[in-house]
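Undergrad: Quick one: sequence and predicted model below, then my questions.
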2 protein chains.
Amino acid sequence: MLTIADVTAAVNPAERGGERLARAAAEAFAARGFHGTTTRDVAAAAGLSPAAVYVHHRSKEELLAALSFEGHRRVLALVLDAVAAGDDPVEQLGGLAEAFARHHATEHVSARVVNYELAALSEAHRAEVSALRHEIEAAVRDVVRRGVAVGVFSTPDPDLTAAALLSLGIDLARWWRPGGRWSPDEVAAHYRGLALAMLGA
Amino acid sequence: MLTIADVTAAVNPAERGGERLARAAAEAFAARGFHGTTTRDVAAAAGLSPAAVYVHHRSKEELLAALSFEGHRRVLALVLDAVAAGDDPVEQLGGLAEAFARHHATEHVSARVVNYELAALSEAHRAEVSALRHEIEAAVRDVVRRGVAVGVFSTPDPDLTAAALLSLGIDLARWWRPGGRWSPDEVAAHYRGLALAMLGA
């Protein structure tokens, strides 16, 4: 089973083949789905031989798991950073909504794989990814609950509103594309406002 | 190429095999993706022979197109119904958000296929589905713009807020599952409130 250290090594920019492979895999999985993509497809897209893929990953599923770990770790980091940036739930949630939206627009290709291919992970990898998702969800929920507790937020169901806040950002990976009407920064700034409006702040 | 009439015939409940096939295909495509599913998989899940599938659909892609047309037509109908229910943008948008959320929770299996497999459609079918999506998006955008124009809504970017409103509902297909914490009606009622809050109503 992969560990966080394996993932970090696999996507280390110093490791040329690994980086190219990760990007090619994300693009292939995003375009045709995990089950519709062969290891050979990924190798060809990365300009590597199929054998070279196995130097980096023991299976196609381990390649997916590496992408999934990396994507979830980055999102957890940006969520925790936003929370750590202050004490005021309004500022924390505003920053979180902004960073979360920017990430899902900028990284829309890998974010599609990260969010829509969970069912393709092995049971053990899915459990690890679920733990990361629970940490992300809990961090968002905690800011919302704290804002309600101190009276700066108002919502009849803090936990369902927290789930809806995550939806706003995640769904950008489905529809946002570069060259469209809004830049990632424009989306991020607008989504900060929407998130605070959803909480009556 | 399929027409709306073909689709209606294909999913007509009076036509037993066709209905079973549509449900089996939606479940298979939602679980493993269009490219990860064979016609044989769908036939087996529906309790039919692979040859029987071809009685209903000339290809796996036509089966996907039938599901996609039907799903989009149902969503367009519920959006237009909500708009036709009154003159007040607050009531129209509230009803729309509620019906849209209820649909994407209740029909979460087929809604995943409808929203996440657009790239697998043939160019001609994708163009037809895009036309339906544009009608859905335009209807939501028009209610938002009208509410801003008459002063009952307030948002710095009506069109981006309309896109975000659609995201809220669509992303339910990704995360909502039966037996979870919230029923479709609970989600729908809460999402009505969130939608109106996003518009400062």
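TA: Yep, that arrived.

Undergrad: tell me the SS of the residue of chain A most remote from its centre?
TA: Distance to the chain centre peaks in chain A at residue A:151, reaching 30.1 Å (criterion: Cα atoms, centre = their mean). Three-state call for residue A:151 (DSSP: H, G, I helix; E, B strand; the rest coil): coil.

Undergrad: Relative to chain B, how far out is it?
TA: Distance, residue A:151 to chain B, using Cβ to the nearest Cβ, to the nearest Å: 17 Å. In this view, the C-beta of every residue, glycine as well, is placed from N, C-alpha and C.

Undergrad: can you tell me which residues contact residue A:190?
TA: Contacts for residue A:190 (Cβ atoms under 8 Å, 6 or more residues apart in numbering or on different chains) come out as A:182, B:156-157, B:160-161, B:164.

Undergrad: thinking again about what came up before, now the residue farthest from the centre of chain A: how far from residue A:89?
TA: To residue A:89, residue A:151 is 10 Å away according to Cβ to Cβ, to the nearest Å.

Undergrad: One more: residue A:16?
TA: 43 Å.

Undergrad: And for residue A:178?
TA: Distance of residue A:178 to residue A:89, given as Cβ to Cβ: 33 Å.

Undergrad: What is the subsequent helix or strand relative to the helix or strand of chain A with the lowest mean pLDDT?
TA: Ranking every helix and strand in chain A by mean pLDDT, DSSP states H and E puts helix A:4-10 at the bottom, with a mean of 49. Remark: after helix A:4-10, the chain's next helix or strand is helix A:16-32, criterion DSSP states H and E.

Undergrad: so the next helix or strand after that next one versus helix A:16-32, what angle?
TA: Later in the chain than helix A:16-32, the nearest helix or strand by DSSP H and E is helix A:39-46. Interaxial angle, helix A:39-46 versus helix A:16-32 (axes from the mean of the first three to the mean of the last three Cα atoms, to 10 degrees): 120 degrees.

Undergrad: quick one on the thing from earlier: for residue A:16 and residue A:89, indicate the residue with more neighbours.
TA: Taking other Cβ atoms under 10 Å in any protein chain shown, residue A:16 and residue A:89 do not tie; residue A:89 has more neighbours (25 against 9).

Undergrad: if I pick the more buried one, what's in contact with it?
TA: Residues in contact with residue A:89 (Cβ under 8 Å, 6+ apart) are A:143-144, A:146-147, A:150, A:152-153.

Undergrad: which parts of chain A sit against chain B?
TA: When proximity is defined as Cβ under 8 Å from any Cβ of the partner chain, chain A approaches chain B at A:31-37, A:115-116, A:119-120, A:156-157, A:159-161, A:163-164, A:167-168, A:170-172, A:174-175, A:181-182, A:186-187, A:190-191, A:193-194, A:197-200.

Undergrad: do that again at 7 Å, thanks
TA: A:31-33, A:35-36, A:115-116, A:119, A:156-157, A:160-161, A:163-164, A:167-168, A:170-171, A:174-175, A:182, A:190, A:193-194, A:197-198, A:200 (Cβ under 7 Å from any Cβ of the partner chain).

Undergrad: Next step: the residues you listed restricted to strands.
TA: Among these, DSSP state E puts none in strands.

Undergrad: Show me just the buried residues among these.
TA: Among these, those classed as buried by 16 or more other Cβ atoms under 10 Å in any protein chain shown are A:31-33, A:35-36, A:115-116, A:157, A:160-161, A:163-164, A:167-168, A:170-171, A:174-175, A:182, A:190, A:193-194, A:197-198.

Undergrad: would you list every one of the helices in chain A?
TA: A:4-10, A:16-32, A:39-46, A:50-56, A:60-84, A:89-106, A:108-116, A:123-149, A:158-170, A:172-175, A:184-198 (DSSP state H).

Undergrad: any weak-confidence spans in chain A?
TA: By pLDDT under 70, the low-scoring segments of chain A are A:1-15.

Undergrad: Quick one: residues contacting the closest residue to residue A:94 other than its chain neighbours.
TA: Distance criterion Cβ to Cβ, 6 or more residues apart in numbering or on different chains; nearest residue to residue A:94, sequence neighbours excluded, is residue A:192 at 4.6 Å. Shown in contact with residue A:192 (Cβ atoms under 7 Å, 6 or more residues apart in numbering or on different chains): A:94, A:97-98.
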